[in-house]
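K.L.:
Build me a model from this:
(2 chains)
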2 protein chains.
Amino acid sequence: MSGFDDYVRPYGLFDKIDAFGYLKDLREHPDMPRKQGRVLLVTADTPLKASRGEGKTTTTIALIDALRARGVDAAAVLRQPSMGITAAGSKGGASGGGKSSLTHPELVDWGLCGEMAAIESAQNLLVSFAEKAVDEGRLDTVLVPRVSEVPSRSLRQITVDRGKGDLPERTVLTPTCELMQIVVLSRSMEEIERRVAGMVAGTLDGRPVTFGEFVDLWRITGILTDAVKPAFTQTLEGSPVYVHGGPFANVSIGIPSLVSVEMACARHDVVVVEAGYGADAGAQKWLDIAAREYGAQWPAAAVVVTRATTWRDDPRLSWRYPFHVHRLEGLGIPTFPLINLWEGEDDQVDSLRETADGLGFRRPIAGNLFRDGGKALEPQLDDLVKALQEPAKAQADTASLHDMSVPDRIRWIAQSAYGVPADRVIEREGFQDSLQAASDLCNKAGISLEDLVVVAVKSPATMTDDDRADQDKRTVTLKKVEAHTGAGLLQVNLTTSLTTPMPKIV
Amino acid sequence: MSGFDDYVRPYGLFDKIDAFGYLKDLREHPDMPRKQGRVLLVTADTPLKASRGEGKTTTTIALIDALRARGVDAAAVLRQPSMGITAAGSKGGASGGGKSSLTHPELVDWGLCGEMAAIESAQNLLVSFAEKAVDEGRLDTVLVPRVSEVPSRSLRQITVDRGKGDLPERTVLTPTCELMQIVVLSRSMEEIERRVAGMVAGTLDGRPVTFGEFVDLWRITGILTDAVKPAFTQTLEGSPVYVHGGPFANVSIGIPSLVSVEMACARHDVVVVEAGYGADAGAQKWLDIAAREYGAQWPAAAVVVTRATTWRDDPRLSWRYPFHVHRLEGLGIPTFPLINLWEGEDDQVDSLRETADGLGFRRPIAGNLFRDGGKALEPQLDDLVKALQEPAKAQADTASLHDMSVPDRIRWIAQSAYGVPADRVIEREGFQDSLQAASDLCNKAGISLEDLVVVAVKSPATMTDDDRADQDKRTVTLKKVEAHTGAGLLQVNLTTSLTTPMPKIV
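P.N.:
Numbers count the residues shown, from 1 in each chain, chains lettered A, B, ... in the order given. Okay, the predicted model is just below:
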């Protein structure tokens, strides 16, 4: 038995923490001191544009600063922003802003401690081994994609070995790859090794071949040695912040690593977990993937961030914010609307509160968090703190969905998370073939398709085929599926999904 | 003015050092304490196979341990091994072995602190910006290659935007790319910025377009923030070791970063710089590129590593080792043969010494460095220590080669480093066209081809077209050239060069 500090090591301007080791120590030593921190989910309205953002990270930082100022031991767990997208100018960073900032936001945005790069190398090495397996006749088709953190649309579809083999391949963004999902979901290096072994490399005569059949797995886990360790940093006010796991909940699971949240809960009383882009992406995935299927904590409360412009920007989209707030509240999660004010919007608070009253919300929290930081929130958190102190309810709604068929599970998600009933979930031509092919692949690999957890892959800015349509006309279209047998996930592309997300360089 | 320690920060199990900051401080404060360390070059015989290695890193580690045991303040500067090649099994690591090891060799081999990965991301981001420039009509041809640290032969030649643009592109190994060369040669972030600005992105109507014309350079330098800082670690005996810069002197410059050596020289009396694969690659590049053209220190002494088998393995190649020893000695560098014994070879020392005597060498240093570490060398270093203590000679042979034409410079290298006279340097069909095209490109970019420094690109295992041929039959064939205008280098492919080095996955 050792103390937490034995698992912490400085890493430039951050610390890196051996969360696997610390949590193992906690499991093996029931007497070791620990807290039973509660998860506070910070999510947001569905953004009009992926590049805009409502200010979830800014809110998260202001919230923990405010909670700590009130004497609550709060910490935040953030996902690592995608350096490639930020460096390419496709999206700003994700490390707060103004007074609600991290101490070294530029380093968080700019590659942190190399975690994403290591995962990229490891996944690309798997592709290299798959190609070698083709040369050796162990495979005739490579299914695992290459990855790149730097976006380059032209890499989506490529031909390798030009002029000789001319093999078609594809490239996806590193944060969305199966190996990132495995790092996010695994609770030990042994679990990572087992899950990598279960990844389908490709096929031989139609039979799926997994990496466990022909790769020395220590080569992969060796590369991941430091990448599996959450980074630790602070807000400008000195509040603790853990950073670990990949972004983009629209096209992947996009949640912080499970171990980073579990570690934070053992160290603090309140742990703010950021889940974006909107509640339909990040919150849906935290609740229905992490909590239901992978043993993560059901949130004790939620904050749904929006901006004052939400009700003005596009009236035909104004149904989305109340939908998210009511949905989470309906799941028994005390849900607090939070309006992240921009300069010149202070005088709108009264009218926004009236609107919120009319919608049956709890009293909204409002403040200019960029300008005023946590101080803007501190006096408004009585109800939130009370909710976080209440004993956890019987969590009736955390049952696994494994008993449902895959199509039923997708319809269940469409109904509960996007407000589209089962009879308006449309299957595009080819969807059933794609589902059947994935099912066959799984069966041949000795896995049941039903054992995989559904991951919705969609645009960050839409929940349905046309969010501006009348409520009774909104549909969700299912396009295709792809099995990630190692991660235990079934990616389902729907509505206006980007199949291989490579945003435009700006 | 601050102390060295202000520039050091722990980074996991290593330290990272802000060498740019420390050296700037030294330049600006002549009174700041510093040493005037001498460079001891450790190089080797040309290996029979790139994957074998004579034991240069093992020797380097044993040497500094032995020198320090004798009271000499010695340190080593190593290049970062290529994680991708090691992880793929194409080559072992490069961090010593047995008693002559680093404290954390697996971490050095396995990605260090993410330096290579950051350089990879930055170079690939430049390619993304070049592609965007094509979309915007600023470029019609992309010349800068993508990079990958993980080897994948099928990536050498690829087609991107398959089914739409179908553009041919290529991929080279990260350690060999122009951005790695820029990081190795630059002495400040401003110099890196200026050199990246001078890289040719591609052409528009035949006119070269540089990145400085259309890229926000802070995006590139931002990614490189930590990558430009040398890492610091130790041998098992506690001797100081700096690690920085890319390997593969056969296909690139393959030397440690200039600042890492300069910093080490300011901190220690003797700085061992490892330069491989063989003397024809690493030593040639340290002497003719780093020292002649970029202001690096001319070595005070050299050690040329070989194995007992050198004179037995292949008699038709046995001319190479004496050639290297005599060449360096002929340049006025006191040059010590060192025989790295393997198990069961201890009894061969006398006969090896006889052979060495017959060849007119200095008395060889011999020992089983894996088994015995620096202890094996300690009593044998009198002459070496004496040579290192002698005042630096007038360095007659360090003049720049800039006055020669490019073909003359290549002939000069062939003569001096490979022993092939000018009249047996053959130009393959197309070489002159390639040279002319590079010259035109440079002229249009406002640079003279003669201002670039020649970098020989060749197989690590050969110096000529056929090293087994009789001496008067050996030839060197020039194949093609490629200008790296940002780094200030002209890559010249010769003999059995790998144009896009992507070793086989093993």
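
K.L.:
Briefly note if stretch A:199-207 comes near chain B.
P.N.:
No - using CB under 8 Å from any CB of the partner chain, stretch A:199-207 stays clear of chain B, coming no nearer than 13.2 Å. Placement of C-beta: from N, CA and C, glycine included.

K.L.:
which outside residues touch that stretch?
P.N.:
A:126, A:129-130, A:133-134, A:137-144, A:178-179, A:182, A:208-211, A:213-215, A:441, A:444-445, A:483-487 (CB atoms under 8 Å, 6 or more residues apart in numbering or on different chains).

K.L.:
now do 10 Å
P.N.:
For stretch A:199-207, contacts defined as CB atoms under 10 Å, 6 or more residues apart in numbering or on different chains pick out A:123, A:126-127, A:129-131, A:133-134, A:137-144, A:178-179, A:182, A:208-215, A:220, A:440-442, A:444-445, A:447, A:483-487.

K.L.:
of these, list those near chain B.
P.N.:
A:123, A:126-127, A:129-131, A:133-134, A:142, A:220 (CB under 10 Å from any CB of the partner chain).

K.L.:
which ones among those residues are found in helices?
P.N.:
Among those, the members falling in helices (DSSP state H) are A:123, A:126-127, A:129-131, A:133-134, A:220.

K.L.:
could you dump these to CSV with neighbour count and pLDDT?
P.N.:
As requested, those are arranged in CSV below (neighbours: other CB atoms under 10 Å in any protein chain shown; pLDDT from 0 to 100):
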residue, neighbour count, pLDDT
A:123, 25, 96
A:126, 27, 96
A:127, 23, 94
A:129, 26, 93
A:130, 26, 93
A:131, 24, 88
A:133, 22, 92
A:134, 19, 89
A:220, 25, 95
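
K.L.:
Quick check: the farthest pair among those?
P.N.:
Taking CB to CB, the two most distant members of these are A:134 and A:220; they sit 18.7 Å apart.

K.L.:
hmm, back to that, any idea which of the ones next to chain B among the contacts of stretch A:199-207 is closest to chain B?
P.N.:
The closest of those to chain B turns out to be residue A:131 (CB to the nearest CB; 5.5 Å).

K.L.:
what's the closest one in contact with, if anything?
P.N.:
A:139, A:142, A:160-161, A:165, A:167, A:169, A:201-202, B:152-155, B:505.

K.L.:
Tell me the spacing between it and residue A:146.
P.N.:
10 Å (CB to CB, to the nearest Å).

K.L.:
list residues touching both of the two?
P.N.:
A:160, A:169, B:152, B:155.

K.L.:
which one of those has the most neighbours?
P.N.:
Counting neighbours by other CB atoms under 10 Å in any protein chain shown, residue B:155 leads the shared contacts of residue A:131 and residue A:146 with 28 neighbours.

K.L.:
Now that residue: closest residue in space, sequence neighbours ignored.
P.N.:
residue B:171 (4.0 Å; CB to CB, 6 or more residues apart in numbering or on different chains).

K.L.:
okay, now the one you found: neighbour count?
P.N.:
Neighbour count for residue B:171, taken as other CB under 10 Å: 23.
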